[in-house]
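A.B. asks: Generate a structure from the sequence data that follows.
(chains A and B)
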Number of protein chains: 2
Amino acid sequence: MTPGPTPVAPETLLAMAEPIIHHRSPQFSAILAEVEEGLKFVFQTKNDVLILVASGTGAMEGAVTNFLSAGDKALVVRGGKFGERWGAICEAYGVKALALDVEWGKSIRPEVIETALKNEKGIKAVYIQAHETSTGAKYPVEAIGNIVHQYPETIFVVDAISALGVYDLKTDDWHVDIMVSGSQKALMLPPGLAFASVSDKAWGLQKVATLPRYYFDFAKERKSLAKNSGAYTSAVSLIVGLQQVLKQIKAMGLEAIFARNKRLSEATKAGVKALGLKLYAEESPSEALTAILAPAGINGQDVVKVMREKYGVTIAGGQDQAKGKIFRISHMGYVNEFDVIVALSALELGLKDLGYAIELGAGVKAAEEVFSQ
Amino acid sequence: MTPGPTPVAPETLLAMAEPIIHHRSPQFSAILAEVEEGLKFVFQTKNDVLILVASGTGAMEGAVTNFLSAGDKALVVRGGKFGERWGAICEAYGVKALALDVEWGKSIRPEVIETALKNEKGIKAVYIQAHETSTGAKYPVEAIGNIVHQYPETIFVVDAISALGVYDLKTDDWHVDIMVSGSQKALMLPPGLAFASVSDKAWGLQKVATLPRYYFDFAKERKSLAKNSGAYTSAVSLIVGLQQVLKQIKAMGLEAIFARNKRLSEATKAGVKALGLKLYAEESPSEALTAILAPAGINGQDVVKVMREKYGVTIAGGQDQAKGKIFRISHMGYVNEFDVIVALSALELGLKDLGYAIELGAGVKAAEEVFSQ
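C.D. replies: Predicted coordinates for the structure are as follows:
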């Protein structure tokens, strides 16, 4: 129940356990063509979706190095560990990252982006998260997309690594030029694949971008993709798993999946609130995970530890400045109602062990009330 | 029977099909610690072996960007597609690649490296392959290592992506500062992991290297590895597979594995010679694969095609300038005597279909003679 790697369905695991096929064979090309169509469906885009062998951070790096040049200016929303990562990647490559710092746990108002773009000329890119996984706060992607769209020289880049496939993210309609994702979250696969959709506007910027790049060369990947192949050796077993997952997602439909995730999220949030706990990202919580403030006198890391060691339920702790202060329960991907019930039950038992005064069963009851509606 | 991805053993595939574990859990840390020890055994090194989520090319890029600065000079041996890749990575990052061009199919004499290092002061790194997978030619790693070792300011970097675990490569004894490898070759795993061992001499250079890097930041990976974790989300399922494979390799012993590969290589080479065919890399053939010149009037790609489509045996064609001119049969990793027999049999049948006059069974007979010794 962590925000990635998430559980993988047994049928996907077994599909990946089939004998390995060659990455330059017609058999693999056919699979890749099908996977590409499926990715476009999930990304809600007509653009190419590039497939990289990397963790999601690799695609984030490529979303900087392929589109900017040293000395370029970029807006970076920093409201947690992953916003900070956008800033760190920009800095590593000599891009001037103009940081819009957001208090951890809070969201960003679109007007802040609008003002920044108005006041500072020549910003080449705006880098945000769909939600900040380290805090659980969701960002207003659609509204920001509409703002950045008015600037023909500025691209809008969204890290949706743990958001894509959880809730609605309309890449094309919302003017997201580069949408980045990864395999190990709502796509219900092991880690190892990263994705990036790239708009025509972004390809225009790519033509004049001079930052150095080789492995994450998006133009080279695009060229290979047109021939249904990867620029380097594709992670064939993960692609075979992806084929399975995308079939299931298509069969279920995006709206049904989003509704399902919303329900699991609401039940989890209702459950923790019924235990007297507070959400870390109260004003704009994401449907992908629930970040919870550890109660006074209890360290969030101890909650994670007791749940894992005594009850066998793995949730995530806080990161960096939120370490010890929060703990996080994810409910995206291959997770159902009773996984939420089990997590809440283990949380109740664990909190009681740690000396927090709760009524056992209260969280589970509140979640069941959501499910029974 | 291609030089990667190679077949994966069923027990490894099934180990990877176990439920996913979290990359920051004590359970995963214990596995990673065991895997790191196993990698040191296979790499024959006391140095850290970094584990990256990437194709092998990602580790090659890191072997440039972590150790050099823009304008630095590097020697690059270019005797095929992968030597050219070293050159291209250097150029992409503004490193002056001094190319030692080798005719495709030939090896390089160590004296050439010695002379180049003597004549051109200030060379920071020498980049070679253990063998050039695109031609099947093996390079004299030990001899070159002894030469580069005499230059305290120059590191020796070897691409052993398709060589490690096939034949003897003594990282430490042969003074290889950075040995690069990948999961999908002799390590008998699906693609998705890249490795790089890094010597103290190389870490010294890293301290002053200023090329930009983020995802492939070796210092960050080293720091994470010391805590039995990866800098980003580890490819957990591949690491679990690697744990299995390394156990098998340790149990079998490196010498036995090298002897086995040698035997498979000798049988394959004897078989194709018995059919009147010539090796592409006659003077210094690698044990990992056999690159064969297509007979006059026959296109190498047609040999690949008929073997795959009519006989269900996948071998590799030539790449770039060798395309059509050669075909390549690999025999590394999870391959046994009868895989070689089947490949030779399919080759005989395919060549006959293509109008090449051969005596059916002659190649298989020659291979059997090697095996019966």
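
A.B. asks: check which helix or strand covers A:Ile298.
C.D. replies: A:Ile298 belongs to no helix or strand when elements are defined using DSSP states H and E.

A.B. asks: residues contacting it?
C.D. replies: Under the criterion of CB atoms under 8 Å, 6 or more residues apart in numbering or on different chains, the contact partners of A:Ile298 comprise A:351, A:354-356. Any C-beta I mention is one placed from the backbone N, CA and C, and that applies to glycine too.

A.B. asks: Which pair of the residues you listed spans the longest distance?
C.D. replies: Across these, no pair lies farther apart than A:Leu351 and A:Gly355, at 8.4 Å, counting by CB to CB.

A.B. asks: what is the mean pLDDT for stretch A:336-354?
C.D. replies: Mean pLDDT, stretch A:336-354: 98.

A.B. asks: actually stretch A:288-303, not the one I typed
C.D. replies: Taken as a whole, stretch A:288-303 carries a mean pLDDT of 98.

A.B. asks: Please compute how far it lies from its chain's middle.
C.D. replies: Averaged C-alpha coordinates place stretch A:288-303 at 21 Å from its chain's average position (CA atoms, centre = their mean, to the nearest Å).

A.B. asks: cool, and stretch A:19-29?
C.D. replies: In this view, stretch A:19-29 has its centroid 29 Å away from the chain centroid, taken as CA atoms, centre = their mean.

A.B. asks: How far does that stretch stretch from one end to the other?
C.D. replies: In terms of CA to CA, to the nearest Å, the two terminal residues of stretch A:19-29 are separated by 16 Å.

A.B. asks: One more: stretch A:352-371?
C.D. replies: Its start and end residues considered, stretch A:352-371 measures 25 Å (CA to CA).

A.B. asks: quick one: buried residues of it?
C.D. replies: With burial defined by 16 or more other CB atoms under 10 Å in any protein chain shown, the residues of stretch A:352-371 counted as buried are A:354, A:356, A:358, A:362-364, A:366-368, A:370.

A.B. asks: Stretch A:151-167 now?
C.D. replies: Neighbour-count burial for stretch A:151-167 flags A:151, A:154-167 (criterion: 16+ other CB under 10 Å).

A.B. asks: And stretch A:84-96, by the same measure?
C.D. replies: Going by neighbour count (16+ other CB under 10 Å), the buried part of stretch A:84-96 is A:84-93, A:95-96.

A.B. asks: Now the spatially most central residue of chain A. Nearest residue, chain neighbours left out?
C.D. replies: Closest residue to the average C-alpha location of chain A: A:Ser162 at 1.8 Å, with CA atoms, centre = their mean. Residue nearest to A:Ser162 in three dimensions, not counting chain neighbours: A:Lys185, with 4.3 Å by CB to CB, 6 or more residues apart in numbering or on different chains.

A.B. asks: Pretty sure the residue nearest to the centre of chain A sits in a helix.
C.D. replies: No. A:Ser162: not assigned to a helix; according to DSSP: H, G, I helix; E, B strand; the rest coil it is coil.

A.B. asks: any idea of the pLDDT on it?
C.D. replies: A:Ser162 is assigned a predicted lDDT (pLDDT) of 97.

A.B. asks: next one: phi and psi at it?
C.D. replies: Backbone dihedrals for A:Ser162, given as degrees, to the nearest 10, come out at phi -110, psi 20.

A.B. asks: what's it in contact with, if anything?
C.D. replies: Neighbouring residues of A:Ser162 by CB under 8 Å, 6+ apart: A:3-4, A:131, A:133, A:182, A:185-186, A:288-289, A:330, A:332.

A.B. asks: any idea which of the residues you listed has the most stuff around it?
C.D. replies: Going through the contacts of A:Ser162 with other CB atoms under 10 Å in any protein chain shown as the criterion, the one with the most neighbours is A:His131, at 32 neighbours.

A.B. asks: returning to that earlier point: point out the least confident member of the contacts of A:Ser162, please.
C.D. replies: Taking those together, the minimum pLDDT is found at A:Gly4 (91).

A.B. asks: Flag every residue of the stretch 251-373 of chain A that's near chain B.
C.D. replies: Residues of the stretch 251-373 of chain A found near chain B, taking CB under 8 Å from any CB of the partner chain as the criterion, are A:308, A:314, A:316.

A.B. asks: Just to check, the second one is in contact with A:Val306?
C.D. replies: This means A:Thr314. No. Applying CB atoms under 8 Å, one finds A:Thr314 not in contact with A:Val306, separated by 11.9 Å.

A.B. asks: Quick one: list the elements packing against the one helix or strand A:Ala256 maps to.
C.D. replies: Take DSSP H and E as the rule and A:Ala256 turns out to sit in helix A:254-274. Using 3 or more CB pairs under 8 Å, 6 or more residues apart in numbering or on different chains; DSSP states H and E, the elements in contact with helix A:254-274 are strand A:278-279, strand A:289-293, helix A:337-353, helix A:362-371.

A.B. asks: now these as JSON lines including distance to B:Val141?
C.D. replies: Compiled in JSON lines, these are given as follows (distance: least, CB to CB, whole Å):
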{"stretch": "strand A:278-279", "distance to B:Val141": "57"}
{"stretch": "strand A:289-293", "distance to B:Val141": "48"}
{"stretch": "helix A:337-353", "distance to B:Val141": "51"}
{"stretch": "helix A:362-371", "distance to B:Val141": "61"}
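
A.B. asks: nearest to B:Lys73, of the ones you listed?
C.D. replies: Between B:Lys73 and the helices and strands packed on helix A:254-274, the shortest gap by CB to CB is with strand A:289-293, which sits at 49.0 Å.

A.B. asks: relative to strand A:289-293, how tilted is the following helix or strand past that closest one?
C.D. replies: Stepping forward along the backbone from strand A:289-293, the first helix or strand reached (DSSP H and E) is helix A:300-311. Counting by axes from the mean of the first three to the mean of the last three CA atoms, to 10 degrees, helix A:300-311 lies at 120 degrees to strand A:289-293.

A.B. asks: for helix A:300-311, which positions count as buried?
C.D. replies: Neighbour-count burial for helix A:300-311, with 16+ other CB under 10 Å as criterion, is recorded at A:300-308, A:311.

A.B. asks: How about stretch A:53-63?
C.D. replies: Taking 16+ other CB under 10 Å as the neighbour-count basis, stretch A:53-63 is seen to contain the buried residues A:53-63.

A.B. asks: Would you mind measuring the gap between the ends of stretch A:324-335?
C.D. replies: First residue to last in stretch A:324-335 (CA to CA) measures 25 Å.

A.B. asks: for that stretch, which positions count as buried?
C.D. replies: Applying a neighbour-count criterion of 16+ other CB under 10 Å, the buried positions in stretch A:324-335 are A:324-335.
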